[in-house]
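1. coords below, sequence missing:
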């Protein structure tokens, strides 16, 4: 994989080029923290850098092994299935980090180096963090341990302080729009999605690719209908809770309330919308509990209807 790989977005390619230059100048430590908003391509850049270290550009067999996930010196640590195999764990556990540490203690099979990527590192639980810290404190030559995190503050300061940060930030709007257009999205849709995603091209692309933008439009229409009294809160709540998109609807609703608050000058109105924003996020959290989703959403939408009438 070359640094000009077409698989990488322009902002990803820039970060990769800078990081490779630092690496080749021997100014890059063994521990890196790739951090920034989700869906900006942190793991893609980390994997491209790993391919460079492991010699994929000079050896097509190495590139094939990495692509297949079978390179013996390239280790990925992420969520694993639960014991009953019905779902993935929600955290990275100590057994995974211990196994990784054991692998990194071995001699590289291809003789160049070993690279390990932990993603998402901000999901490593407390016990596993202690084991991870020990591995970071005892580096061996030719071993690279990289963490990928959208919320690096969740990592202990002792871990963060031992890593060089590779920061990902939102790219310029024109670049983001050009990237979305290159992915086949119409200019109007791309502009609407990027604005709704507050300039985040990865989030905008996700919405465009999965129907999220249309879902957001429907949520906006529903909130408008509730405010006007054209829709019943109970029926709307039952519809929102009736499929797998309830959490996404609530996220869009919270974002739309925040956007509406940004256009107000009345402090009381802003406060009401901010309070409803918090309530929408709390309701989304309740979806992971045994609380009946339709009842929780009904209460939220009734509060929206009553508040919106007075704005």
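-> Structure's in. What do you need? It should be emphasised that the depicted structure is a prediction, and the values quoted were computed from it without experimental measurement.
2. Tell me which stretches of this structure form strands.
-> Secondary structure of the chain, counting by DSSP state E: strands at 31-35, 74-77, 114-118, 143-149, 164-167.
3. Make a markdown table from these and add mean neighbour count to it.
-> C-beta coordinates here come from the backbone N, C-alpha and C atoms, glycine included. Listed next are those as a markdown table, based on neighbours: other Cβ atoms under 10 Å:
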| stretch | mean neighbour count |
| --- | --- |
| strand 31-35 | 23 |
| strand 74-77 | 20 |
| strand 114-118 | 25 |
| strand 143-149 | 25 |
| strand 164-167 | 16 |
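4. Turn the ones you listed into JSON lines, including mean pLDDT and distance to residue 178.
-> Converted to JSON lines, the strands of the chain look like this (pLDDT from 0 to 100; distance: least, Cβ to Cβ, whole Å):
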{"stretch": "strand 31-35", "mean pLDDT": "98", "distance to residue 178": "24"}
{"stretch": "strand 74-77", "mean pLDDT": "98", "distance to residue 178": "31"}
{"stretch": "strand 114-118", "mean pLDDT": "98", "distance to residue 178": "29"}
{"stretch": "strand 143-149", "mean pLDDT": "98", "distance to residue 178": "26"}
{"stretch": "strand 164-167", "mean pLDDT": "97", "distance to residue 178": "22"}
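5. Any buried residues in stretch 275-292, and which?
-> Of the residues in stretch 275-292, 276, 277, 279, 280, 283, 284, 286 count as buried by neighbour count, 16 or more other Cβ atoms under 10 Å.
6. what does stretch 25-32 give?
-> Of the residues in stretch 25-32, 28, 30, 31, 32 count as buried by neighbour count, 16+ other Cβ under 10 Å.
7. Can you pick out the most distant pair from those?
-> 28 and 31 (9.7 Å; Cβ to Cβ).
8. so what's in contact with those two at the same time?
-> Counting by Cβ atoms under 8 Å, 6 or more residues apart in numbering, the residues touching both residue 28 and residue 31 are residue 164.
9. quick one on the thing from earlier: for residue 39, state which of the buried residues of stretch 275-292 is nearest.
-> Using Cβ to Cβ, the buried residues of stretch 275-292 come closest to residue 39 at residue 284, 18.4 Å.
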